[in-house]
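> The sequence and its predicted three-dimensional model are supplied below.
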Amino acid sequence: DTEVTQTPKHLVMGMTNKKSLKCEQHMGHRAMYWYKQKAKKPPELMFVYSYEKLSINESVPSRFSPECPNSSLLNLHLHALQPEDSALYLCASRGGPATDTQYFGPGTRLTVL
Amino acid sequence: QQQVKQSPQSLIVQKGGISIINCAYENTAFDYFPWYQQFPGKGPALLIAIRPDVSEKKEGRFTISFNKSAKQFSLHIMDSQPGDSATYFCAASIAGQNFVFGPGTRLSVLP
């Protein structure tokens, strides 16, 4: 099973709301990623967790707060977002040191009003 | 130095033809070069990947050619089909950590 699941599929929120995106994988992967993808653009790396520790934060604004509660779960907490944060948010996971293959989830389509 | 360039931006190919997409990089520390296929509203899916110690890799109709000295790599799709119509991204990473994507190529295969 090479599946990465993401919930919700779609999310509409106001600029004062607090919401969370959830990502789950049961492949035993120890690296998990959040990406942001705008229309007709490539995915942009936001955060990388390695063995449940944040290893890369690509200068993402503090209104995005990642969390890795355990090796299978990755959350992205959202607060006080701006309309320009509307995008497809993708989660990915990668296996151990012997493989660099990333598996992507289907994404959460976020609209900020 | 972290940038990956990709061309063409869009490509139209007749069914049965060969689709060729090219990428170039600057950072010689990159050690893994995947290609992803993405359909509208879906996440990217890995097509094929290569490491710099190999010059060519073939999987079915998909072939990666890699030129380490020129710091270039390309994707060839043989016998292109309408179902191949999608956006294709090349990418590069160092030790599987920081994945950098090219800007993408929108491929349309005409029936």
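Cool, the structure landed.

> three-state assignment of the residue nearest to residue B:92 when sequence neighbours are not counted?
For residue B:92, ignoring the flanking residues on the chain, the nearest one in space by CB to CB, 6 or more residues apart in numbering or on different chains is residue B:30 at 4.0 Å. Placement of C-beta: from N, CA and C, glycine included. Secondary structure, DSSP: H, G, I helix; E, B strand; the rest coil: residue B:30 is coil.

> and residue B:30, what does it touch?
Shown in contact with residue B:30 (CB atoms under 8 Å, 6 or more residues apart in numbering or on different chains): B:52, B:92, B:93, B:94, B:100.

> do the same with residue B:62
B:35, B:47, B:48, B:75, B:76, B:77, B:78.

> of all those residues, which comes closest to residue B:8?
residue B:75 (12.0 Å; CB to CB).

> Give me the number of neighbouring residues for that closest one.
When neighbours are counted by other CB atoms under 10 Å in any protein chain shown, residue B:75 registers 24.

> Point out the residues in chain A that sit beside chain B.
Counting by CB under 8 Å from any CB of the partner chain, the residues of chain A lying close to chain B are A:4, A:31, A:33, A:40-45, A:48, A:50, A:55-56, A:90, A:92, A:94, A:97, A:99-107, A:109.

> Quick one: buried ones out of these?
A:4, A:31, A:33, A:42-45, A:48, A:50, A:90, A:92, A:94, A:100-107, A:109 (16 or more other CB atoms under 10 Å in any protein chain shown).

> in the chain, which ranges drop under the pLDDT threshold?
You didn't say which chain, so I picked chain A. Counting by pLDDT under 70, chain A shows low-confidence ranges at A:1-2, A:96-98.

> The intended chain is chain B.
Looking at chain B by pLDDT under 70, you get B:1.

> got the residues of chain B near chain A?
Counting by CB under 8 Å from any CB, the residues of chain B close to chain A are B:32, B:34, B:36, B:41-46, B:49, B:89, B:93, B:95-104.

> try it again with 10 Å
Within chain B, the residues that sit near chain A (CB under 10 Å from any CB of the partner chain) are B:4, B:6, B:9, B:31-34, B:36, B:38, B:40-46, B:49, B:51, B:87, B:89-91, B:93-104, B:106.

> Now restrict the residues you listed to buried residues only.
By 16+ other CB under 10 Å, the residues of chain B next to chain A give B:4, B:6, B:32-34, B:36, B:38, B:43-44, B:46, B:49, B:87, B:89-91, B:93, B:96-104 as buried.

> wait, is residue A:84 part of a helix?
Yes. Secondary structure of residue A:84 (three-state DSSP): part of a helix.

> Surely it and residue A:38 touch.
Yes. The pair formed by residue A:84 and residue A:38 meets the contact definition of CB atoms under 10 Å, at 9.0 Å.

> Comparing those two, which residue is more hemmed in?
residue A:38 (13 against 8).

> and that one, how far is that from chain B?
11 Å (CB to the nearest CB, to the nearest Å).

> which residues does the residue nearest to that residue when sequence neighbours are not counted bridge with?
Once flanking residues are discounted, residue A:38 sits nearest to residue A:87: 5.0 Å by CB to CB, 6+ apart. Note on residue A:87: beta-bridge partners residue A:110, judged by DSSP bridges.
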